[in-house]
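Visitor: Sequence and predicted structure below; questions after.
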Amino acid sequence: MQAGVRARIGMIGTGAIGGFYGVMLARAGFDVHFLLRSEFAAVAEGGLRVDSAVHGTLALSPVQAYRSANEMPPCDWLLVGAKTTSNADLAPAIIQAAADGAKVLLLQNGLDVEDDVRPLLPDSLHLLGGLCLVCVHRVGPGTVAHQALGAVNVGYHSGPCRDQAERMAIVEEGAGLFRAAGIDSQPMPDLQQARWQKLVWNVPYNGLSVLLGASTTPLMANDDSRGLIQALMGEVVRGAQACGHQIAPGYADYLFTMTEKMPDYWPSMYHDYSHERPLELDAIYSRPLAAAKAAGCDLPKIEALYQALAFLDRRNR
Ligand SMILES: NC(=O)C1=CN([C@@H]2O[C@H](COP(=O)(O)OP(=O)(O)OC[C@H]3O[C@@H](n4cnc5c(N)ncnc54)[C@H](OP(=O)(O)O)[C@@H]3O)[C@@H](O)[C@H]2O)C=CC1
Ligand SMILES: CC(C)(CO)C(=O)C(=O)O
């Protein structure tokens, strides 16, 4: 791409994450195209709005909105903002909207989420993962509430790069998109490590919000749930270590304290449960459990949490 020319970005799935980052990038001058499903008509007519506790109200109208990827122009970057449960189904849309040599960035929680998509993509496409540290949720068609945080950490998964230097150049380019939009973004040299690190938060809070019907403030106000959260965090750290990924000492404590200071928050898994949508149990629970087990490490509390959630998920749909 020529210097000074801003990348064309395709947002594949425009919910909380897609809407928030898409609006931020479009306001920074990127040419952003949004693929939508249930909210297409509302967004095509009324635009997108982010009600942000950090940035105020951000409106984008008109929106370059599409019901089908066939109508999208070829994009240099495709940011996937759908849940991990639809990754394999989204591969045709990603391919359709990709320019030659495009970079595909999965803005998703969980472990190995790229594995469902990679075999379905041409080798010429770069695949990356993005870990979003943000509190956003949909409050109505085309409207996203942003409560806190916002950073995106980016790592390379697979593609045509020949060496680590080429991979890191692409990762830097990805992080640069977000930074240009005023969003903190760090390049992650090891995507698997970064995914495990993010699980230290998601494993306890996502699942317990569903199981106990509690958001972060009540979870942090009760000695029993605090103890359980710490034990679950400890198991994620052990699982990561068994798989060869170091989590910095004190990182779990840092997340625990950060959550005490955060505004009260319902994790995205709770929103999925309350709307009777599939839960991201494979990405957040069964894959890390399987990886740890294969490395000889049992994680009994996470396993019990997963089994309870699997029961609720099946009964909910
Ligand atoms: N929300 C948050 O604060 C955070 C979320 N994450 C992670 O980010 C990812 C996205 O979560 P989130 O934004 O909350 O999820 P949402 O449910 O808000 O958004 C998902 C979007 O993808 C759309 N979608 C799904 N399938 C398709 C399809 N085939 N074609 C077009 N659009 C499609 C959905 O459309 P439809 O309306 O039709 O369902 C919806 O708009 C998850 O992995 C989550 O764990 C990570 C950090 C924080
Ligand atoms: C932990 C949090 C709220 C911010 O790190 C988040 O990113 C998530 O809900 O997945």
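Guide: Right, received. Where do you want to start? Ligands and ions are numbered 1, 2, ... in the order given.
Visitor: Just confirm Ser215 contacts Asp264, I think it does.
Guide: Yes: the criterion here is Cβ atoms under 8 Å, and Ser215 meets it with Asp264 at 5.1 Å. For every residue, glycine as well, the C-beta is placed using N, CA and C.
Visitor: The two: who's more crowded?
Guide: Just comparing Ser215 and Asp264: by other Cβ atoms under 10 Å the higher neighbour count belongs to Ser215, 17 against 12.
Visitor: Quick check: residues of the protein near ligand 2?
Guide: Asn109, Cys132, Leu133, Val134, Cys135, Leu149, Trp201, Asn202, Tyr265, Pro267, Ser268 (Cβ under 6 Å from any ligand atom).
Visitor: Check the residues you listed one by one and keep those near ligand 1.
Guide: Among these, the residues that sit close to ligand 1 (Cβ under 6 Å from any ligand atom) are Asn109, Cys132, Val134, Cys135, Ser268.
Visitor: Three-state assignment for Gly110, please.
Guide: Taking DSSP: H, G, I helix; E, B strand; the rest coil as the rule, one finds Gly110 in the coil state.
Visitor: neighbours of it, just the number please.
Guide: For Gly110, the count of nearby residues is 28 (other Cβ under 10 Å).
Visitor: Okay, now stretch 71-83: how far is its last residue from its first?
Guide: 22 Å (Cα to Cα, to the nearest Å).
Visitor: likewise stretch 246-255?
Guide: Looking at stretch 246-255, the gap from its leading to its trailing residue is 16 Å under the measure Cα to Cα.
Visitor: how many neighbours does the closest residue to ligand 2 within the stretch 1-150 of the chain have?
Guide: With Cβ to the nearest ligand atom, the shortest gap between the stretch 1-150 of the chain and ligand 2 falls at Leu133, namely 3.8 Å. Per other Cβ under 10 Å, the neighbour tally for Leu133 reads 16.
Visitor: In contact with the residue nearest the centre of the chain, which residues?
Guide: When the chain is reduced to its mean C-alpha position, the nearest residue by Cα atoms, centre = their mean turns out to be Gln108, at 2.3 Å. By Cβ atoms under 8 Å, 6 or more residues apart in numbering, the contact set of Gln108 is Val80, Ala82, Lys83, Thr84, Asn87, Gly129, Gly130, Glu280, Ala283.
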